[in-house]
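Enquirer: I'd like to go over a predicted model; first the sequence, then the structure.
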Amino acid sequence: MLERCKSAKERWGGVSEIIDRWLNERQQLIVLYCDINGLNGFREGDTTPTPVRIQRFCQILLDYTSAGHFEVYEQLAAEAREFNDDAGIRLLERIYPRIEQITQLCVTFNDRYESAEHCEKQASELAEELSQIGEVLEERFGLEDQLIESLHDAHRELVAS
């Protein structure tokens, strides 16, 4: 997941401030996911309680998904309309419903784990739900990369001219 994020930043970094900021948030989201899922070695000496780390993850998860919906996708759709990119608009119409479904799964995850009390109540389900959220996030990142590549990259030269 982290390698895919680095690859996306290399391909589209610098193209747009909104996309750059969003891809940085994606990277933060992945790092936090790995941290709470125990997938990295950076925890030595870190005594931050798990519920606090989960709450950080939930916050960036909502920030990231919101930025996608209210900034990035709108920008990409506007570019497609501006350049009469029917294929791009069709791609957006095909992919966006699945992204919305994944967003709802992210919101549900946040609602279940947004507070320390919620984390403690659902502690026995956390590992499975983290796995599920990781899978849908990876799917979402792939869909988003398709949109950026198809919509934004297709118009890069037109925007520059």
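Expert: Thanks, I have the structure now. This is a predicted model, so every value here is computed, not measured. Numbers count the residues shown, from 1 in each chain.

Enquirer: switch to C-alpha atoms for all contacts and neighbour counts from now on
Expert: Noted.

Enquirer: Which residues are in contact with R81?
Expert: I89 (Cα atoms under 8 Å, 6 or more residues apart in numbering).

Enquirer: Against Y33, how distant is Q122?
Expert: Q122 sits 17 Å away from Y33, taking Cα to Cα, to the nearest Å as the criterion.

Enquirer: The two: which is more packed in?
Expert: Per other Cα atoms under 10 Å, whichever of Q122 and Y33 has more neighbours is Y33, with 23 against 13.

Enquirer: by contact count, what packs against the lengthiest helix in the chain?
Expert: Secondary structure of the chain per DSSP state H: the longest helix is helix 86-113. On a contact count with 3 or more Cα pairs under 8 Å, 6 or more residues apart in numbering; DSSP states H and E, helix 86-113 meets helix 50-67, helix 73-82, helix 116-121, helix 126-147.

Enquirer: now with 7 Å?
Expert: If contacts are counted by 3 or more Cα pairs under 7 Å, 6 or more residues apart in numbering; DSSP states H and E, helix 86-113 sits against helix 50-67, helix 73-82, helix 126-147.

Enquirer: weakest of those helices by average pLDDT?
Expert: Mean pLDDT is lowest for helix 73-82 out of the helices and strands packed on helix 86-113, coming in at a mean of 84.

Enquirer: how far out from the middle of the chain is it?
Expert: The chain centroid and the centroid of helix 73-82 are separated by 19 Å, computed with Cα atoms, centre = their mean, to the nearest Å.

Enquirer: Can I get it in PDB, CA atoms only?
Expert: What follows is the C-alpha trace of helix 73-82 in PDB, where atoms were taken according to Å, rounded to 0.1, in the frame of the first residue of the first chain:
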ATOM      1  CA  TYR A  73     -13.000  14.600  -7.600                       C
ATOM      2  CA  GLU A  74     -14.700  17.900  -8.200                       C
ATOM      3  CA  GLN A  75     -11.500  19.300  -9.700                       C
ATOM      4  CA  LEU A  76     -11.100  16.200 -11.900                       C
ATOM      5  CA  ALA A  77     -14.800  16.300 -13.000                       C
ATOM      6  CA  ALA A  78     -14.500  20.000 -13.800                       C
ATOM      7  CA  GLU A  79     -11.400  19.400 -16.000                       C
ATOM      8  CA  ALA A  80     -13.200  16.600 -17.800                       C
ATOM      9  CA  ARG A  81     -16.200  18.900 -18.500                       C
ATOM     10  CA  GLU A  82     -14.000  21.800 -19.500                       C
END
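
Enquirer: how far off helix 50-67 does it point, in degrees?
Expert: 20 degrees (axes from the mean of the first three to the mean of the last three Cα atoms, to 10 degrees).
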